[in-house]
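[1] got a sequence here, can you model it:
(one chain, ligands or ions: 2)
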Amino acid sequence: MVPPKVLGAGLALTLLGVAACGEDPQLGLDDKEVCLTRRDGVRYCIELFEASRADANSQSAGVDDTTAPRSLSGRMPWTGLTWAAARAACELKGKRLCDFDEWIDACDGEVGDGGLTYTYGDTRDESNATCNTGSGAAEPTGSREACESPTTTMDQSGNVWEWSGNTMGAASARGGGFRSTQTHQCASTLMDISPTTESPEVGFRCCRDT
Ligand SMILES: [Ca+2]
Ligand SMILES: [Ca+2]
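    Ligands and ions are numbered 1, 2, ... in the order given. As a prediction, this is how the structure comes out:
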């Protein structure tokens, strides 16, 4: 039998190894992301959670607009900012917004045109229990465990719409929000919204090149 203190040392080394990559000095937690293959064969990483301010928690979206956003569970998402402000926020940590195909394929689980209709499946959940799609307010990131895509991203359907695209021409808000009982498909785009709109229903998540 292995002595407990040896097991403890091994665990400590493992945790150190994980924490060494992108450790946040304020929270001591790493951003959560998954790295996938894009349609052109290039690898990229997309954050698992909608972005939240560095000082957000489960009750408050925070007020710190100048520190890099986080991608963590249990934090109220950062909303009410323009597409350009969302892109700038991602750039604070060397990331960018997700491009159309990156965002969609992470949501639908299949590289290319195919994939799930909603992040949780092909049939719309009329109970609105799977994702936050039939309520009056945003929820902390990752609140609905079943609102998970095949690639393990959370809340791509519902909760808050997410700014995507890295040029003004490609700017769009995707995936539906907390009021979107019908339009929370992976391919859903918020119509009639200018990139300069600041809406409490629109947030973002960041991507990066590998
Ligand atoms: Ca796809
Ligand atoms: Ca969302």
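
[2] mind jotting down where the helices sit in this structure?
    4-19, 83-91, 100-108 (DSSP state H).

[3] those: lowest mean pLDDT?
    By mean pLDDT, the lowest-scoring of the helices of the chain turns out to be helix 4-19, with a mean of 40.

[4] in this structure, what residue is nearest ligand 1?
    Sorted by distance to ligand 1 under CB to the ion, the residues of the chain start with residue 115, at 3.4 Å. Where you see a C-beta, it was placed from the backbone N, CA and C, and this is true even at glycine.

[5] count the residues that sit near that residue.
    Residue 115 has 20 neighbours, counted by other CB atoms under 10 Å.

[6] quick one: it and residue 104 touch, right?
    Yes: the pair residue 115 and residue 104 passes the contact test of CB atoms under 8 Å, sitting 7.4 Å apart.

[7] can you pull the poorly scored residue ranges out of this structure?
    Per-residue confidence of the chain (counting by pLDDT under 70) places the weak regions at 1-27.

[8] what does it put close to ligand 2?
    Residues of the chain lying close to ligand 2 (CB under 5 Å from the ion) are 155, 159, 175.

[9] got a markdown table for those residues, with distance to residue 53 too?
    Putting the residues of the chain next to ligand 2 into a markdown table (distance: CB to CB, whole Å) gives the following:
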| residue | distance to residue 53 |
| --- | --- |
| 155 | 16 |
| 159 | 16 |
| 175 | 20 |
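
[10] from those residues, pick the one nearest residue 88.
    The shortest separation between residue 88 and any of those is 20.9 Å, and it belongs to residue 175 (by CB to CB).

[11] now do the contacts for the closest one.
    Counting by CB atoms under 8 Å, 6 or more residues apart in numbering, residue 175 makes contact with 103, 107, 119, 156, 157, 158, 161, 162, 184, 185, 186, 188.

[12] what's the neighbour count on the second one?
    Spelled out, that is residue 107. For residue 107, the count of nearby residues is 30 (other CB under 10 Å).

[13] nearest residue to it other than its sequence neighbours?
    Spatially, and ignoring its direct neighbours in sequence, residue 107 is nearest to residue 186 (3.6 Å; CB to CB, 6 or more residues apart in numbering).

[14] also the last one?
    Residue nearest to residue 188 in three dimensions, not counting chain neighbours: residue 176, with 5.1 Å by CB to CB, 6+ apart.

[15] just checking, that neighbour touches residue 158?
    Yes: the pair residue 176 and residue 158 qualifies as a contact (CB under 8 Å) at a distance of 5.0 Å.

[16] any residues in contact with both of these two?
    Taking CB under 8 Å, 6+ apart as the contact criterion, the residues that touch both residue 176 and residue 158 are 131, 133, 184.
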